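> here is the input, now give the coordinates:
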Amino acid sequence: MLAVASLAGMARPAWGRADDLYDLPRRGSVHLLHFTDCHAQLLPVHYREPDTNLGVGPAAGKPPHLVGDALRRRYGWAARSRLTHAFTHLNFAEAARRYGKLGGFTHLATLIKRLRTTRPNAVLLDGGDTWQGSATALWTQGHDMAKACRALGVSVMTGHWEFTLGAQRVQQMTEQELSGAIEFIAHNVQTRDFGDAVFASHAWREVNGVAVAIIGQAFPHTAIANPAHLVPDWSFGLHEQKLQTLVNDLRARGAAAVILLSHNGMDADLKLASRVNGIDAILGGHTHDGVPRPVRVRNRDGSTLVTNAGSNGKFLGVLDLEVRGKRVLAAHYTLLPVFADLLPADSAMTSLVDEIRAPYLAQLQEPLATTEGLLYRRGNFTGTFDQLMLDALMAVRDAPIAFSPGFRWGTTLLPGDILTNEALLNQTAITYPATTVSSLRGEQIKAILEDVADNLFNPDPYYQQGGDMVRVGGLTYSCAPLAPAGDRIRDLRLGDVPLDADKTYKVASWASVNEDVDGPPIWDVVRQYLSTHRVIEPLRPNVPRLVGVRGNSGLSR
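Sure thing, here's the model as predicted:
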């Protein structure tokens, strides 16, 4: 039976030394290191975890849908410990000042080198969303991240936001800039005409004499959640049966361990693990869930370990496998927070990061405003940074209603921090940033909100096709996540007046997935707004009134 080790020492209240946290006992002979969804953050960051991550259907009350105190109590952490800070939103500003920033390739490099001293030939896997999310990644079309990942020692990766650079650039990156160092794998991306494979489906690695097969699963809904016109000749999907056939083939060819490097999102991976046999572990991403302990899912032939390793470079997953013959006997997994104050910056990586940033430093450091409150994004509904962008859209584009996409990426600013151009681009750096103003009838506005809500709250995770809920400015509404599709969005109001289904309203938005969209980019709109709002007072995000979810452990309000 697959044995799963809990996080060693995780019940202790806090750590003051790196040895307490990062000295992991070596287990077995196969060693895999995994990070995901770093969103091009080369430097340490603050990143507030969600206060709302609602689980619906069978996912309710289970990881990853635990937040705040429910998450802390589940894993036995003290209220103000390092781990409570790393994994929750609780007392965020105070804890961030006490424990400092997390992540950054300079500190991640140190941790990887440290772990490799006790884990010879450990393979470093990148779960995707790596070439997007920062100013330098946008301005260099991912070139900065290719250089950094090569230096970090990444061996295999899959993708999602990478595809928003466009098919031509992705192929140029995979065939030239990563060539000979990093394999880009995705069994579920194929041509639209004849269904030919676009990328290798898997990678083989021999780790200390053990044959390991790593299968790539790119985000299956890329052409829905992001502009399809950027990858017009490629199709995506879950391809469950195709995956099962591939697993069977790899086993027949001698794989002693089969790993799925996934960008499905954790709920989809949990379902997939129950239906596809023969996968030893799923190293997952996309939903940014920092899940402290893996979930073991039983299926017809045994069980599969399912993990998700957070985002923004905050965490590094460590998977040790004990293998005998052609079988994994035991798996030991730890998700390590990357505390910058406990890990000295690696000198070689520091030099590379400085080199990457040097040509752009003046642009990155340009001050735009000072925030008096916490600015964050992550959560099922609107965060304070989202609210800032909504306020900017409504003011600058002269619209009473605004929509902003429910992206999960974007770093956090503490009260008193300077909002720089870099911090703004950390929230907005995409290849389709145009803002638009549309005329929509009330019934269309409700239909849009219902559609996005179904992407988020459909009880079948295979139909959860996007990010978090679209952020809404101007309008207020109620949301019933457990209601049937089409009946989740209720009591829409503009001010005190109910939204009229037949009336036309002016709505500002950005990041349309449609082709040939014209309008000023979102960062210019926010910059114009900040030119007259140099001090950002504490913001109260416009979140819906939630119906029918009282007691849900994914809600901490």
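
> can you list the buried residues in the helix or strand hosting residue 507?
For residue 507, the host element (DSSP states H and E) is strand 504-510. Within strand 504-510, the residues that count as buried by 16 or more other CB atoms under 10 Å are 505-510. (Each C-beta comes from the backbone N, C-alpha and C, glycine too.)

> what helices or strands is that strand leaning on?
helix 384-396, strand 401-404, strand 435-441, helix 442-457 (3 or more CB pairs under 8 Å, 6 or more residues apart in numbering; DSSP states H and E).

> would you format the buried residues of strand 504-510 as JSON lines with pLDDT included?
Listed next are those as JSON lines, based on pLDDT from 0 to 100:
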{"residue": "505", "pLDDT": "98"}
{"residue": "506", "pLDDT": "98"}
{"residue": "507", "pLDDT": "98"}
{"residue": "508", "pLDDT": "98"}
{"residue": "509", "pLDDT": "98"}
{"residue": "510", "pLDDT": "98"}
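
> same list, the helices and strands packed on strand 504-510, but as JSON lines with distance to residue 354, mean pLDDT and mean neighbour count please.
Supplementary listing: the helices and strands packed on strand 504-510 in JSON lines, determined by distance: least, CB to CB, whole Å; pLDDT from 0 to 100; neighbours: other CB atoms under 10 Å:
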{"stretch": "helix 384-396", "distance to residue 354": "27", "mean pLDDT": "98", "mean neighbour count": "24"}
{"stretch": "strand 401-404", "distance to residue 354": "33", "mean pLDDT": "98", "mean neighbour count": "26"}
{"stretch": "strand 435-441", "distance to residue 354": "33", "mean pLDDT": "98", "mean neighbour count": "17"}
{"stretch": "helix 442-457", "distance to residue 354": "40", "mean pLDDT": "97", "mean neighbour count": "19"}
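
> who wins for proximity to residue 185 among those?
helix 442-457 (26.2 Å; CB to CB).

> just checking, next helix/strand downstream of the closest one?
Using DSSP H and E, the first helix or strand after helix 442-457 is strand 471-473.

> what pLDDT, on average, does that next one get?
On average, the pLDDT along strand 471-473 is 98.

> tell me the helix or strand right after it.
Past strand 471-473, the next helix or strand by DSSP H and E is strand 475-479.

> list the buried residues of that next one.
Under the neighbour-count criterion of 16+ other CB under 10 Å, strand 475-479 has 475-477, 479 buried.

> hang on, residue 199 packs against residue 217?
No. Judged on CB atoms under 8 Å, residue 199 makes no contact with residue 217 at a distance of 11.2 Å.

> give the residues shared as contacts by those two.
Jointly contacting residue 199 and residue 217 under the rule CB atoms under 8 Å, 6 or more residues apart in numbering are residue 186.

> neighbour count: the two, which is higher?
Between residue 199 and residue 217, counted using other CB atoms under 10 Å, the more crowded position is residue 217 (29 against 21).

> partner residues bridging that one?
In this entry, residue 217 is beta-bridged to residue 262, by DSSP bridges.

> list the buried residues in stretch 483-500.
Of all the residues in stretch 483-500, those buried under the rule 16+ other CB under 10 Å are 488-489, 492, 494, 499.

> next one: residue 108 from residue 475, what distance?
41 Å (CB to CB, to the nearest Å).

> any idea how many residues pack against residue 117?
Count around residue 117 with other CB under 10 Å applied: 9.

> right, and residue 279 touches residue 303 too?
No. Taking contacts as CB under 8 Å, residue 279 lies outside contact range of residue 303: 9.6 Å.

> who's more crowded, those two?
More crowded of residue 279 and residue 303, by other CB under 10 Å: residue 279, with 28 against 19.

> wasn't the more buried one part of a strand?
No. Per DSSP: H, G, I helix; E, B strand; the rest coil, residue 279 lies outside any strand segment and is coil.

> over to it: give its phi and psi.
Backbone torsions for residue 279, taken as degrees, to the nearest 10, come to phi -90, psi 130.

> same question, residue 141
Per-residue torsions, residue 141: phi 50, psi 40 (degrees, to the nearest 10).

> spit out the contact partners of it.
Counting by CB under 8 Å, 6+ apart, the residues that residue 141 touches are 131, 165, 169.

> confidence score at it?
98.

> quick one: it and residue 168, what's the gap?
When distance is defined by CB to CB, residue 141 is 10 Å away from residue 168.

> same check, this time on residue 444
35 Å.

> over to residue 111?
With distances taken as CB to CB, residue 111 is found 35 Å from residue 168.

> more neighbours: which of the two?
residue 111 (23 against 10).

> go ahead and confirm that one touches residue 344.
No. Using CB under 8 Å as the test, residue 111 is too far from residue 344 to be in contact (10.2 Å).

> for residue 514, give me its contacts.
residue 227.

> please enumerate the strands of the stretch 1-150 of the chain.
In the stretch 1-150 of the chain, the strands defined using DSSP state E, counting those that start in this stretch lie at 3-5, 30-35, 123-126.

> and among those strands, the most buried is which?
Of all the strands of the stretch 1-150 of the chain, strand 30-35 has the most neighbours on average by mean count of other CB atoms under 10 Å, namely a mean of 27.

> so which elements touch that strand?
Contacts defined by 3+ CB pairs under 8 Å, 6+ apart place strand 30-35 against helix 105-116, strand 123-126, strand 202-207, strand 210-217, strand 257-262, strand 315-324.

> for residue 422, find the nearest of the ones you listed.
Between these, helix 105-116 lies closest to residue 422; by CB to CB that is 15.5 Å.

> need the contact partners of the closest one.
With CB under 8 Å, 6+ apart as the test, helix 105-116 has contacts from 22, 24, 31, 33, 35, 42-44, 122, 124, 148, 151-153, 313, 316, 318, 336, 338-340, 343-346, 348-350, 353.

> if we use 6 Å, what do you get?
Residues outside helix 105-116 that contact it (CB atoms under 6 Å, 6 or more residues apart in numbering): 42, 122, 148, 152, 313, 316, 338, 340, 343-346, 349-350, 353.

> among these, name the buried ones.
Neighbour counting over those (16+ other CB under 10 Å) leaves 42, 122, 148, 152, 313, 316, 338, 340, 343, 345-346, 349-350, 353 as the buried ones.
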